[in-house]
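A.B. asks: pasting a predicted model and its sequence here:
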Amino acid sequence: MEKSINGSCRLIKRLVIILSCLSYSFVRSDFTERTNINYVSAVGDPGMRNDNLRVAIEAWNQCNEVGEEATNMGSPRMADCFDIDNSSFPVKIIHKVDERDNRLGVGNGTYGGISAGDNADIYAAQKEVYLGNKCQVVDKPNPWQFWMIMLKNGNTDTLAAICPENGKKAKPFPPTGRFPCFGKGCMNMPSMHHEYTSLVDNEEGHMSGSFYGTWDLDNDQKDPVGNNSYYKVKWEKKIGGNESWVFHHLLKTSSKYPWLMLYLRADASRGFSGGYHYDTRGMMKMTLKSPDFKVKFKLEIIKGGGSGSQFYLMDMGSCWKNDGRDCDGDVTTDVTRYSEMIINPGATAVCTRNRLGACPPEHTFPNGTKVHRTDKEKFPFEAYHYYCVPGNARFAESPYEVCDPYSNPQPQEILQILPHPVWEQFGYPTKKGQGWIGDPRTWELDVGKLSQSLFFYQDPGTKPVERHWSSIDLGTEIYMSKNQIAEWTGFACKVESFLSGCVIMAGDCAIDTEKYSLLEDFNVDVEVENKAFETFSLCFWVYLLDSTTYPSAIIRQVHSDMSVSAPFLVLDENKKMMLLPLTLLHREAPDPVNTSSWTEVPNVSTTAKFPLQKWVHVGCEVSRNYMRLYICGELVGEQVLTSLMTNGTNSDRARKISLFSVGGDGYSVQGFIHSAEVLPSNLSASYHYTKDPPLWLSVDKPSTSGIELDEDGVWSVVSGTFCSLDVVLTNAIGQPVHKDVKVVASLLYADSGTHVEKRSDFETFLLVSYEGIELSAEDKPCNLLNGCASFKFKLSQLSSKSDKRLFCIKFEIPEVKANYPFLETVTNQIRCISRNRDSVSSMKRIRLGEEKVSESKIVNGNGTSMEWRPQNHEEDNSSTDSENTEMRDSTAFRRYSIPDWIIFKYCLGNLTERALLLKEITNNSSDEEVSEFADQVSLYSGCSHHGYQIKMARKLIAEGTNAWNLISRNYRHVHWDNVVIEIEEHFMRIAKCSSRSLTHQDFDLLRRICGCYEYITQENFETMWCWLFPVASAVSRGLINGMWRSASPKWIEGFVTKEEAERSLQNQVPGTFILRFPTSRSWPHPDAGSVVVTYVGHDLVIHHRLLTINHICEYTDAKQLQDMLLAEPELSRLGRIIRGI
């Protein structure tokens, strides 16, 4: 989004990731007007300079699962997370994860809250969450957890069918050369050994730690000796200074394990990561979005791993569905997307001029110019290594190659590039050998901009996806190469991002939801036990949801000497907030287990109930001898305490206490937290209260008009009359906030909170007025201007008396994808009152826009359009609700069942929206009403072709439903061979031609249209049917039918693509033509079922002209269609189709 400030300052949101110890100023060359750039770290440890390290390791089999744990190794997830205690010499390393944690496996029961039975895959996912929570560091805008070392074994036991096929259960098949496997157990997890980070040189303060192991479990050794597989990742750093952690990686394959992978990865700390259908835990505090991020790092490759080593110079992974929606865990429709550059100069490209299917369909140059792969002179084939489409892509452009269906738990799409000059602008290597052995470099890669320009598959007609990347990594995949060693170091890593414009003008930025975290993710460490300690203040905004039991712990406390955490901030049984003493500081601290002691120990408590479902600011000031509680910047209480710190008690040693929140047990509440911060003693809670308040969406009650407030607090609204109210966006202290977002309204039942359901698509209950036009509220969001959105609305076709229910209106911000209850609001309960109390039931739907007009009003001055206005103007202003049905029926007006706004919606909608409308209309309307609707759409759109598609809708849907029921017999997937017979029978019957069957070329085209392979689903069938039925209907008509039946000459040679027709007309004389049905026109497109004439013009150029079916004369005395075609000066000779080999 780009805006102008004072006519000169351009602002655009921008995100950069930098993996390096260098900081610098950055303005992209193609956006030279950008200013006021603010840098924000995208990961938790910018520069990797923090002495306190967070690193973990995970192992996968070929299909990104665990399958079975290695003997005596536990679940293949470990972590090395620690903080440095500088209070003594030598310094002490305080580990947050111990050996018991790291050795957790399916045999350890429910320790740590993990309960997965004997399912090693689920256990590993839960263990990763458990370790992540122990390592988590609270930060803005989100907490972070650890760098992830990833191992993967490429062996695949095809006979065991362990890995799914494109997300579905696979069938066993014999071993092939594609998948190495020495026999049963070849997909095993490796051994995992951990050298915990320790001081190896006390004088120099040198720290070191490592993970290492092997997949050859029968010969598990510490060093890479012999012919066994091996991996080791070692990290080291000198305490203090500006040095970064240096990570040293080594990976070795063996004869039994020739396909292995090793990466160092940064993941998003929440959300689906590429390839894994559960929440990951990682270093990134935000999800990366194309094109706005960069990556910077240092890399030295020592050993390459042979020609089969696909060393990735920044691999990125994400997940979105083929229609652009976010992944939701459905492994049959989710698609993992990968992109990486292979810098090994020995790698052999698969994409070539002679193998177009292994190349992306198009390349985009930095200036935006696109070139197709068929342009063999301009397409940069040498820039690509390999491309493959996801296994569930229905409309992939031929030729194509499908990605390996077994190496992911769901379908995947892979795009691999090679060093080439076309990538120079993005900072990538431009020729082979750059950055390889002997050429260590610091790389600065514009990964975000590159990722935006790369081709990724998406279903045609769907909204282009916003590309978000949940993981980036660096490392190698040694592919099918025995006894090879890859070795490299990566260091000086710094990850930064920057955002621009927010600080200048609040309205220039959309809502940043990353500032809001779940309460259960809160975790902060406070150093409280040393001579220098005086006081600290923990301040935060909290939004509490309702809790099931009281008392409930909001924040708990724990330190290294405690086996069970104790409460720190709680809601008591009366929902009053209490601040309790600290166990490390105060003698009066509560018993962690005995909840009744919470009220018995000295505490500070609020006098009133703590409000729920509302933002409240909380400040907790704690010192050695007292504690204070602040609510919304005001002191509510103070308590004097007895200090545990005496002159002889640990006064020279610093100790930390962890304050955290948990979710899911009976003594915790659920909610959100914002701007949590530990303040030094010189800053007050009132300072934090006004620093950065959270946002709050609400209904401005004083702004309402046309609404009466009943004694029971319920709003009374007269059905069919307009009311108005304002929805305001403020911060939690009541100041208006300017954001460029929209607010949308929807109608709910007040008792259940569910949407008021429509019985048909053209039925609407909540209307808004926009520039004098009544629109469905769901179709017309309202802009926020200066923090306020004004709604003028009315309830239609409803009555609380008849429905015996109350209603409410919900307002929300559609741009906010997640569920944030403070960014949505509802009105008071609404009682909808009928204008005419004696009218018929309000659930009877009024038919809008149905009045008959006089003959003089049908045609306007231009003679081109129809006016739908009643002759009585006063009546036009009356209610359109069902309460007025009797009054309307008393007029002499003729009625149509489908209102004008449905006609307009159909005219303006896309094909999918039109199809859904027609399905709804045909289910609820008579043939006469559908015919009238077709005529009105043709009139309003100015295109008579629409009417033909609308009038065939009922038959198309009925015939298609019947055909699929016969084909599927209640099976979800049907083999294609079982489909062709039924399809042919239905086509021949609808086309009224039993003398001509469909050919195998015809079925090949139908198969491509429906996007299926060996099996067909109902969705595939419907896609194909929407093309085939209009064609069959066209063939059934007189003149087309005769040409279809004709065998000599064969006027229509079956189902032919545009490309086949053009290829067949190459080098033909002018006037040569071919008739075909366009494959790009499916119902309800107005040209579905039409005939296209493809011909060679006198200019020797191939042209395409459309014959409109309903314009073809079918009288018995008319000329035959072929005679009319040959009478055209451009057409003289019927061509023949030349099929490809």
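C.D. replies: Happy to help now that I have it.
A.B. asks: what helices and strands are in contact with the longest helix seen in the chain?
C.D. replies: Scanning the chain for the longest helix, with DSSP state H as the assignment, gives helix 1018-1036. If contacts are counted by 3 or more C-beta pairs under 8 Å, 6 or more residues apart in numbering; DSSP states H and E, helix 1018-1036 sits against helix 953-968, helix 980-991, helix 1000-1010, helix 1038-1045. No exception for glycine: its C-beta is placed from N, CA and C like everyone else's.
A.B. asks: state the pLDDT value of residue 471.
C.D. replies: Looking at residue 471, its pLDDT stands at 88.
A.B. asks: beta partners of it?
C.D. replies: residue 267, residue 317 (DSSP bridges).
A.B. asks: thought residue 263 was touching it, still the case?
C.D. replies: No: contact criterion C-beta atoms under 8 Å: residue 471 and residue 263 do not qualify, at 9.4 Å.
A.B. asks: more neighbours, the two?
C.D. replies: Neighbours were counted for residue 471 and for residue 263 using other C-beta atoms under 10 Å; residue 471 has more, 27 against 20.
A.B. asks: can you give me the distance of the more buried one to residue 211?
C.D. replies: Distance from residue 471 to residue 211, counting by C-beta to C-beta, to the nearest Å: 19 Å.
A.B. asks: go on, residue 998?
C.D. replies: 61 Å.
A.B. asks: more neighbours: those two, which one.
C.D. replies: residue 211 (22 against 18).
A.B. asks: shouldn't that one be in contact with residue 222?
C.D. replies: No: Residue 211 is not in contact with residue 222 according to C-beta under 8 Å; the separation is 12.0 Å.
A.B. asks: picking up where we left off before, now render the helices and strands packed on helix 1018-1036 as CSV, adding mean pLDDT, mean neighbour count and distance to residue 904.
C.D. replies: Formatted as CSV, the helices and strands packed on helix 1018-1036 follow (pLDDT from 0 to 100; neighbours: other C-beta atoms under 10 Å; distance: least, C-beta to C-beta, whole Å):
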stretch, mean pLDDT, mean neighbour count, distance to residue 904
helix 953-968, 89, 17, 18
helix 980-991, 90, 17, 32
helix 1000-1010, 91, 18, 31
helix 1038-1045, 86, 18, 33
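A.B. asks: so which of these comes closest to residue 236?
C.D. replies: helix 1000-1010 (56.6 Å; C-beta to C-beta).
A.B. asks: centroid-nearest residue for the protein?
C.D. replies: Geometric centre of the chain, nearest residue: residue 326, 2.4 Å, by C-alpha atoms, centre = their mean.
A.B. asks: per the record, what domains does this structure have?
C.D. replies: According to automatic domain parsing, the chain comprises the domains 1-49+497-508, 50-284+470-491, 513-691, 695-833, 954-1134.
A.B. asks: which of those sits most buried?
C.D. replies: Comparing the domains of the chain by mean neighbour count (mean count of other C-beta atoms under 10 Å), domain 50-284+470-491 ranks first with a mean of 19.
A.B. asks: wait, residue 777 touches residue 743, no?
C.D. replies: No: with contacts counted by C-beta under 8 Å, residue 777 stays clear of residue 743, the gap being 10.5 Å.
A.B. asks: from residue 918, how far out is residue 906?
C.D. replies: For residue 906, the distance to residue 918 - C-beta to C-beta - is 8 Å.
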